[in-house]
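Visitor: everything below, folded, please.
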Amino acid sequence: MEHIYLDHAATTPMDKRVIDAMVPVYDEVFGNPSSVHSFGRKARQLLDEGRRVLAGSIHANEKEIIFTSGGTEADNLALIGTAKANQHKGKHIITTAMEHHATLHTAEYLEKEGFEVTYLPVNEEGKISVNDLKNALRDDTILVSIMYVNNETGIIQPIKEVGGLLKDHPAYFHTDAVQAYGTIEINVQELGVDLLSVSAHKINGPKGIGFLYVREGIKLNALQFGGEQERKRRPGTENVVGVVGFQTAVEVMIREREIRNTKYAAYKEQFLQVLKEQGINFSVNGDINSTIASIVNVSFPGGNVEKLLANFDLAGVAASSGSACTAGSVEPSHVLTAIYGENNPCTTSSIRFSFGAANTSENVEEAAHRVAKIIKRLVK
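Guide: Got it, this is the predicted structure:
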């Protein structure tokens, strides 16, 4: 039985070209980038080149890129670092009820530290309202954090409109772009964002490396204590081999983004078409026309997430109920709860299918048939 991977929103397989770029670095480049000798300079050269490429991918300056261990650390640094460095201006933060837990749990921590957090609601299309944000803004609002693409539904948020709204407000604007990066072309100048989080393993790069874009001039407190790496904003010896892999993944992504999006959108359409042809009762959560190409969140009325996922796995189909960080949890989806309200059946009967490099038209069709067979058996 072929095992079919439909969980690319959780993580992606590393591209062979990324692996090939990293292996020589493991083998030949072991110097510390902070060392002044030739071994250190060789490592520094790779680090600088990676930073330049990553900055260019979002139209930023390389001085504005802070390497992190991934999206979670980038979100933590953006929220805590900015809040604590600017608390003399105010202690009000605005985010949304559907953020990734890397943001939500950080916001909850800041509440315990004396900050006040407003959580914007989400409409049935899976989007926040810019008008709600406008009404929530106060003179003491110092930070607004709204994800670019929701990781469970794949729905794109009105980031550019938010940036326009905040142009005349002193609050800083952060976006978690972990699911957006790679599928949407990002220009931080046009979007009007001040901070932006990215992770490599969502774009067929290595795990354990990401970056936080911080617009030049923004005050940010470091979360760790140590050396003066990353312009004193993130101490610790840099992950040079991870940066090289990240750089390669980005270069490949930029060249192939349009082709990938077309392919993944076709997979999604094909998958849903098979379910329709098989007479499966389902609905797509949120506005499917506002999603990125690779993600669809499907509710199977009468279904149970745990049973469905277990049976899909036994049938060789890997999917998830949303964030991989909560895959082992039996709690209803906080994202779908934000969209539909508590106790709505969708919150415990919905599965996220996400398409990517591990897929072909053939295995997507086969997966859809396996899923349909299981739904017919389990959902009455």
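Visitor: now the helices for the stretch 151-300 of the chain?
Guide: Secondary structure of the stretch 151-300 of the chain (DSSP state H, counting those that start in this stretch): helices located at 159-166, 188-191, 229-232, 240-277.
Visitor: weakest of those helices in terms of mean pLDDT?
Guide: When those are compared on mean pLDDT, helix 229-232 scores lowest, with a mean of 93.
Visitor: give the other helices and strands that that helix contacts.
Guide: The elements that helix 229-232 packs onto, with contact taken as 3 or more Cβ pairs under 8 Å, 6 or more residues apart in numbering; DSSP states H and E, are strand 65-68. All C-beta spots, glycine's among them, are computed from the backbone N, C-alpha and C.
Visitor: returning to that earlier point: using JSON lines, please lay out the helices of the stretch 151-300 of the chain together with distance to Ala358.
Guide: Formatted as JSON lines, the helices of the stretch 151-300 of the chain follow (distance: least, Cβ to Cβ, whole Å):
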{"stretch": "helix 159-166", "distance to Ala358": "28"}
{"stretch": "helix 188-191", "distance to Ala358": "30"}
{"stretch": "helix 229-232", "distance to Ala358": "33"}
{"stretch": "helix 240-277", "distance to Ala358": "11"}
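Visitor: out of those, flag the one nearest Lys42.
Guide: When those are ranked by proximity to Lys42, the top entry is helix 240-277, at 9.3 Å, counting by Cβ to Cβ.
Visitor: partner residues bridging Ser283?
Guide: Ser299 (DSSP bridges).
Visitor: what pLDDT is listed against it?
Guide: Ser283 carries a pLDDT value of 97.
Visitor: ends of stretch 187-202, what's the gap?
Guide: Counting by Cα to Cα, to the nearest Å, you get 19 Å between the two ends of stretch 187-202.
Visitor: what are the buried residues along that stretch?
Guide: Buried residues in stretch 187-202, counted by 16 or more other Cβ atoms under 10 Å: 188, 191-202.
Visitor: which of those fall within strands?
Guide: 195-199 (DSSP state E).
Visitor: hang on, the earlier thing: check the buried residues of stretch 187-202 and tell me the two furthest apart.
Guide: Gly192 and His201 (27.3 Å).
Visitor: quick one, helices of the stretch 1-150 of the chain?
Guide: 16-28, 38-57, 71-76, 82-85, 101-112, 130-136.
Visitor: turn those helices into JSON lines, columns for distance to Cys346, mean neighbour count and mean pLDDT.
Guide: Shown next, in JSON lines, are these (distance: least, Cβ to Cβ, whole Å; neighbours: other Cβ atoms under 10 Å; pLDDT from 0 to 100):
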{"stretch": "helix 16-28", "distance to Cys346": "37", "mean neighbour count": "14", "mean pLDDT": "98"}
{"stretch": "helix 38-57", "distance to Cys346": "35", "mean neighbour count": "17", "mean pLDDT": "98"}
{"stretch": "helix 71-76", "distance to Cys346": "26", "mean neighbour count": "25", "mean pLDDT": "98"}
{"stretch": "helix 82-85", "distance to Cys346": "33", "mean neighbour count": "21", "mean pLDDT": "98"}
{"stretch": "helix 101-112", "distance to Cys346": "20", "mean neighbour count": "18", "mean pLDDT": "98"}
{"stretch": "helix 130-136", "distance to Cys346": "22", "mean neighbour count": "14", "mean pLDDT": "98"}
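Visitor: so which of these is nearest Leu314?
Guide: With Cβ to Cβ as the criterion, Leu314 lies closest to helix 101-112 of those, at 27.7 Å.
Visitor: quick one on the thing from earlier: with respect to Asp7, which of the ones in strands among the buried residues of stretch 187-202 is nearest?
Guide: Among those, Ser199 lies closest to Asp7 (Cβ to Cβ), at 15.3 Å.
Visitor: what pairs with the closest one across the strands?
Guide: According to DSSP bridges, the partner residues bridging Ser199 are Gly210.
Visitor: that one and Ile19, how far apart?
Guide: Here Ser199 is placed at a distance of 18 Å from Ile19 (Cβ to Cβ, to the nearest Å).
Visitor: wait, Gly50 sits on Val244?
Guide: Yes - in this structure Gly50 lies within contact range of Val244 using Cβ atoms under 8 Å: 6.1 Å.
Visitor: ok, Glu342 - contacts?
Guide: Shown here is Glu342, whose contacts under the criterion Cβ atoms under 8 Å, 6 or more residues apart in numbering are Pro332.
Visitor: can you give me the pLDDT of it?
Guide: In this prediction, Glu342 carries a pLDDT score of 91.
Visitor: before we move on, what SS does it have?
Guide: When the structure is split into helix, strand and coil by DSSP: H, G, I helix; E, B strand; the rest coil, Glu342 lands in coil.
Visitor: coming back round to it: TSV for the ones in strands among the buried residues of stretch 187-202, including pLDDT?
Guide: As requested, these are exported to TSV (pLDDT from 0 to 100):
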residue	pLDDT
Leu195	98
Leu196	98
Ser197	98
Val198	98
Ser199	98
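Visitor: nearest to Gln179, of the helices of the stretch 1-150 of the chain?
Guide: Gln179 lies closest, by Cβ to Cβ, to one member of the helices of the stretch 1-150 of the chain: helix 71-76, at 9.1 Å.
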